[in-house]
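J.: give the three-dimensional model of this entry:
(one chain, ligands or ions: 1)
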Amino acid sequence: MTRTILFQIHWFLGITAGLVLAVMGVTGGLMSFEPEILAAINPGIVTVAPRGAPPLPAPALIDRARAQLPPGRIVRVIVSRDPTRATAISYTPEGSKEPQRRYLDPATGRLLAPARGSGVFAVVEDLHRWLALPGHGNGWGRQVTGFACLSLLYFALSGLYLRWPRRPLDWRSWLVIDGRMTGRNFYRALHAVVGGWVLVFYLVSAGTGLWWSYGWYRDGVQHLLAIESPRHDSPGKPGKADRDETPVDWARAWTGFTTATGGRAYDSVTASARDGTAVQFRAKLPNARHDRVSDELSIDSRTGAVLSKARYADRPIGADIVTSVYEIHRGAYFGIIGRVGIMLASLAMPLFTVTGVLLYLGRRRRKAALAQVMADAPATGGAANATTLVAYASQTGAAERIARLTARALPDAAALPLAALDAGTLARARCLFVVASTYGEGEPPDAARAFARRMAQAPDDLSHLRYAVLALGDSEYADFCAFGHRVDRWLHAGGATRLYDPVEMDGEDADAQRQWQQQLAGLGARTDQPDWAPAPMTAWRLVERRLLNPGSQGDGAWHVALAPTDPAVLDWQAGDIVEILPEQDPARVDAFLARVGRASDDALRATLMTCILPTEADGASALDALKPLPHREYSIASIASAGQVELIVRQCRAADGFAGLGSGWLTQGAPLDGVVRARIRRNPAFHAPADPATPLILIGNGTGLAGLMAHLRARAAVGGAHGPATLFFGERHPAQDDFLSVERAALAADGVLTRTIPAWSRLGHGPRYVQDAVAGQADLVREAVAAGAAILVCGSVTGMAPGVHAALAAILGDAVLETMLANGRYRRDIY
Ligand SMILES: Cc1cc2nc3c(=O)[nH]c(=O)nc-3n(C[C@H](O)[C@H](O)[C@H](O)COP(=O)(O)O)c2cc1C
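T.: The predicted model follows:
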């Protein structure tokens, strides 16, 4: 909660004060080295060639200045011991209120040409202090910059809190930007890491910047530092008193100063006419770190008497801080490193404004996508009575969006935040889907932190619960999808049954989104929804279609081959998936048209072939907002070098009695040699270990043989030495359903397939299902795993996958299986 509030204020202030701070930062950065810049661009004016002759005494220089300047009043004089520094004279011409600065040759008193750039710096300073708005220091510009200063303090402190790393002693997390990061992650890393670098500088400049904005702040600081006399010290420019018209006797004042300081040599002396006839002298000590390492005297110019005298050596630390606020503000108090640091930090200010805005826009986009889903969605039922729950842990809305789409796809499901998933709700639920993103360094989103703390305890008995997790994350972070995996392990530890291995979604990975959608379809979710993430499909040609199990007691299983029209797409690995965009069965479309009384509407018929057919509940207007058909996906049985995608497709029946959308299209609807729209989806979760020496245990039933065949074919194609491979395969009857037996025999003869252990459910003897075959080979499985085998499972999610999992857990132990799952040695492609 605290984090959420701090964050909301952080971004709200960011979009309001960010621009002002960017202006203040750049102008402040330019001002940091103003004297050096002016000197560099004004040779012969701000700096002069040394002449060998000693400089004229200050009163003589002032007299010469008066003689050469137009009528006006001299308000400040700066003389330097350095013979190459010109004497600076600030004077207010008659009829004007703005002092101007001119320079004199210190050896001759000759008035030099006006310095270039000082006008620009005057504007820069006005921008920095009050955004150059009307009213100068007394207008509302000052209020705006004061507010921006306060905001900067807030940004620095709240930013530190929000980005506090899990391993605070790890200096890399503070200082290093991971160069591999891209897009939003890169902006975020810049924002957070550079923010860490400049944090101290911002605290210093904002903390001192407030000095000129708020009287209460000055009083408070002085009170804290036990300074009695308030001094409203304005940086650099002559104050209001400087404009007092009383004549000043500079010669007498300077004599008083020289007498009072015993003729001591100073680096430079700044004399300002203040408070009527008093002249304030600031004499910078030799080799001083900054301008305020100085003795300060006030001299009555009428008598030369000392009105006040403060030696630097006697100045207490509190008074030193108050006197040096400006020097602290610009970093000079800390020497050249402080000055350079403040300058760079100030110039970096726009970076935070820009990256902050980019991150804000990204979040808005996600929130808008969520709002769209909320607007489209018929409200799902309340969580109180639903037995299927979809819990989300989301920071910027991506996980929540998918959770709501998930709840909408499933019958009688309700979406709820993970935080609402208390023990009672978990006890009532029968099926749980968790969509969880990861934040910080492998941490939960803010709203799920309390739940994450509860996860420190083992859950109550969850053996009644079936679940699946979609973990959102970003692979540019070291702890990729860590929180989703943590939830998965916690539910599993409570005895809940995993329906699918956690799906990892990298950023906005459309593939993972569709994989999740497809898995839900396998669990009875609505399949008439358009894809949650659109996929660009390319044209493939249907080049082969052959029934693999004529005479089978089950539905027909077909060998289907698709060749791409663009060979560039021939690029996949064993374990990958093909997504195809089906078209409607014309008979189904005709039945629909007849039902809605539009049987002769050929244009509508053509359109409907690629669209979801509205139901009666959708109403007549649904025909005006038709949605495209969703894709269907299949495990690829072939390898890319074969030049075609080969599939094993079971022709199934939809609830309306027509052939299933995808299987019907591939096995009967699409014309042979006709075009099928399709695309490859990488499925790293079912890739084999990279080392071909790894022994493989391949387990599958029915069309699941396709995904397993790809791995065997990949090994055969590579040739050379490879580890043994054992295949457990379950089907109905060997007489009709022993798919691809000829090819498997060839693979066995080549030594690629070491052993096949079948399970025939209608044979009447031997193991009935593939899980029974696995259970019957406990020693083989145990020894293979001990020898480093990886287990790959492909086939139906209901029955086969949980049965095989239970058999493996019984043989290997749950902990071993969990470890294999985590390190990629137990992988499944189940549907
Ligand atoms: C500050 C921040 C830290 C993140 N840290 C991680 C991380 O450690 N691991 C990870 O996999 N993803 C990380 N991510 C990526 C998010 O999990 C990802 O963007 C996700 O899609 C956000 O989903 P949401 O909108 O539901 O919160 C991080 C994102 C942000 C903004």
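J.: what does the pLDDT read for the residue nearest the centre of the chain?
T.: Residue closest to the average C-alpha location in the chain (Cα atoms, centre = their mean): N185, at 3.9 Å. For N185, the model assigns a pLDDT of 85.
J.: could you pull up the contacting residues of it?
T.: Contact partners of N185, counting by Cβ atoms under 8 Å, 6 or more residues apart in numbering, are 474, 476-477. C-beta coordinates here come from the backbone N, C-alpha and C atoms, glycine included.
J.: let me have those in a markdown table, extended by secondary structure, pLDDT and distance to L808.
T.: Below are the contacts of N185 laid out as a markdown table (DSSP: H, G, I helix; E, B strand; the rest coil; pLDDT from 0 to 100; distance: Cβ to Cβ, whole Å):
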| residue | secondary structure | pLDDT | distance to L808 |
| --- | --- | --- | --- |
| D474 | coil | 88 | 32 |
| E476 | coil | 80 | 33 |
| Y477 | coil | 83 | 31 |
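J.: just put the residues you listed in CSV and tack on neighbour count and distance to the ligand.
T.: Shown next, in CSV, are the contacts of N185 (neighbours: other Cβ atoms under 10 Å; distance: Cβ to the nearest ligand atom, whole Å):
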residue, neighbour count, distance to the ligand
D474, 21, 4
E476, 18, 8
Y477, 17, 3
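J.: report the mean per-residue pLDDT for the longest helix seen in the chain.
T.: The helix spanning the most residues in the chain, taking DSSP state H as the definition, is helix 2-32. For helix 2-32, mean pLDDT rounds to 92.
J.: mind listing what's buried in it?
T.: 3, 6-7, 10, 13-14, 17-18, 20-32 (16 or more other Cβ atoms under 10 Å).
J.: circling back: and the residue nearest to the centre of the chain, its phi and psi?
T.: Per-residue torsions, N185: phi -60, psi -40 (degrees, to the nearest 10).
J.: and for T270?
T.: Here is the backbone geometry of T270 (degrees, to the nearest 10): phi -110, psi 120.
J.: show the pLDDT at it.
T.: What the model reports for T270 is a pLDDT of 97.
J.: P238 too?
T.: 42.
J.: same question for S229.
T.: Each residue has a pLDDT score; the one for S229 is 53.
J.: again with the one 4 residues further on
T.: D233 is assigned 45 on the pLDDT scale.
J.: got the end-to-end distance for stretch 689-699?
T.: 16 Å (Cα to Cα, to the nearest Å).
J.: now that stretch: how far from the chain's centre is it?
T.: On the basis of Cα atoms, centre = their mean, to the nearest Å, stretch 689-699 sits 36 Å off its chain's mean C-alpha point.
J.: repeat that for stretch 191-201.
T.: Worked out by Cα atoms, centre = their mean, stretch 191-201 lies 17 Å from the chain centre.
J.: flag every buried residue along that stretch.
T.: So for stretch 191-201, counting by 16+ other Cβ under 10 Å, buried means 191-196, 198-199, 201.
J.: cool, and stretch 507-517?
T.: For stretch 507-517, burial by neighbour count (16+ other Cβ under 10 Å) applies to 507, 509-517.
J.: thinking again about what came up before, next SSE after the longest helix of the chain?
T.: Where DSSP states H and E defines the elements, the next helix or strand beyond helix 2-32 is helix 34-41.
J.: next, the buried residues of that next one.
T.: Using 16+ other Cβ under 10 Å as the test for burial, helix 34-41 gives 34, 37-39.
J.: run through who's touching it.
T.: When contacts are defined by Cβ under 8 Å, 6+ apart, helix 34-41 is touched by residues 30, 46-47, 115-118, 121, 124.
J.: out of these, grab the one that's most surrounded.
T.: V46 (24 neighbours; other Cβ atoms under 10 Å).
J.: can you classify the closest residue to A332 other than its chain neighbours as helix, strand or coil?
T.: The shortest distance from A332 to any non-neighbouring residue, by Cβ to Cβ, 6 or more residues apart in numbering, is to H290 (3.9 Å). Following DSSP: H, G, I helix; E, B strand; the rest coil, we place H290 in the coil state.
J.: so H290 sits against G331, correct?
T.: No. H290 lies out of contact with G331 (Cβ atoms under 8 Å); the separation is 9.2 Å.
J.: which of those two has more neighbours?
T.: In this view H290 and G331 are compared by other Cβ under 10 Å, and G331 has more residues nearby, 25 against 20.
J.: now for the more buried one: which residues touch it?
T.: Taking Cβ under 8 Å, 6+ apart as the criterion, G331 is in contact with 32, 201, 204-205, 338-343.
J.: go on, H631?
T.: Counting by Cβ under 8 Å, 6+ apart, H631 touches 514, 531, 535, 537, 579-582, 662.
J.: so which one among those residues has the lowest pLDDT?
T.: The member of these with the lowest pLDDT is A535, at 69.
J.: all strands of the stretch 651-800 of the chain, in order?
T.: With DSSP state E, counting those that start in this stretch, the ranges of strands along the stretch 651-800 of the chain come out as 675-681, 696-701, 725-731, 755-760, 790-795.
J.: of the contacts of H631, buried ones?
T.: Neighbour counting by 16+ other Cβ under 10 Å classes 514, 531, 535, 579-582, 662 among the contacts of H631 as buried.
J.: now those residues as a markdown table including secondary structure and distance to the ligand?
T.: Shown next, in a markdown table, are the buried ones among the contacts of H631 (DSSP: H, G, I helix; E, B strand; the rest coil; distance: Cβ to the nearest ligand atom, whole Å):
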| residue | secondary structure | distance to the ligand |
| --- | --- | --- |
| R514 | helix | 16 |
| D531 | coil | 18 |
| A535 | coil | 19 |
| E579 | strand | 22 |
| I580 | strand | 27 |
| L581 | strand | 26 |
| P582 | coil | 30 |
| G662 | helix | 29 |
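J.: looking at those, which is nearest R66?
T.: In terms of Cβ to Cβ, no member of the buried ones among the contacts of H631 lies closer to R66 than A535, at 82.9 Å.
J.: before we move on, back to that, show me which of the buried residues of stretch 191-201 neighbour the ligand.
T.: When Cβ under 6 Å from any ligand atom is taken as the criterion, no member of the buried residues of stretch 191-201 contacts the ligand.
J.: number of nearby residues for whichever residue of the chain sits closest to the ligand?
T.: Proximity of the chain to the ligand (Cβ to the nearest ligand atom) peaks at G473, 2.3 Å away. Neighbourhood size, G473 [other Cβ under 10 Å]: 23.
J.: looks like it contacts F480 (just checking).
T.: Yes. Using Cβ under 8 Å, G473 makes contact with F480 at a distance of 5.0 Å.
J.: which bits of the protein sit near the ligand?
T.: Residues of the chain that fall close to the ligand, judged by Cβ under 6 Å from any ligand atom: 188, 366, 394-399, 437-442, 445, 472-474, 477, 479-482.
J.: sort out for me which of the residues you listed are in strands.
T.: Using DSSP state E, the subset of the residues of the chain next to the ligand located in strands is 437, 472-473.
J.: from those, which shows the smallest pLDDT?
T.: G473 (93).
J.: is that one bridged to anything, and to what?
T.: Going by DSSP bridges, G473 is paired in beta bridges with D506.
J.: distance to K97, pLDDT and secondary structure added to the buried residues of stretch 191-201, as TSV?
T.: What follows is those, written out as TSV (distance: Cβ to Cβ, whole Å; pLDDT from 0 to 100; DSSP: H, G, I helix; E, B strand; the rest coil):
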residue	distance to K97	pLDDT	secondary structure
H191	43	94	helix
A192	47	91	helix
V193	47	91	helix
V194	42	94	helix
G195	41	94	helix
G196	45	91	helix
V198	38	95	helix
L199	40	95	helix
F201	35	96	helix
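J.: picking up where we left off before, now, which of the contacts of N185 sits nearest L593?
T.: Using Cβ to Cβ, D474 comes nearest to L593 of the contacts of N185, at 46.6 Å.
J.: the most far-flung residue of the chain relative to its centre in helix, strand or coil?
T.: Largest separation from the mean C-alpha position in the chain: T303, at 68.6 Å (Cα atoms, centre = their mean). Following three-state DSSP, T303 is assigned to coil.
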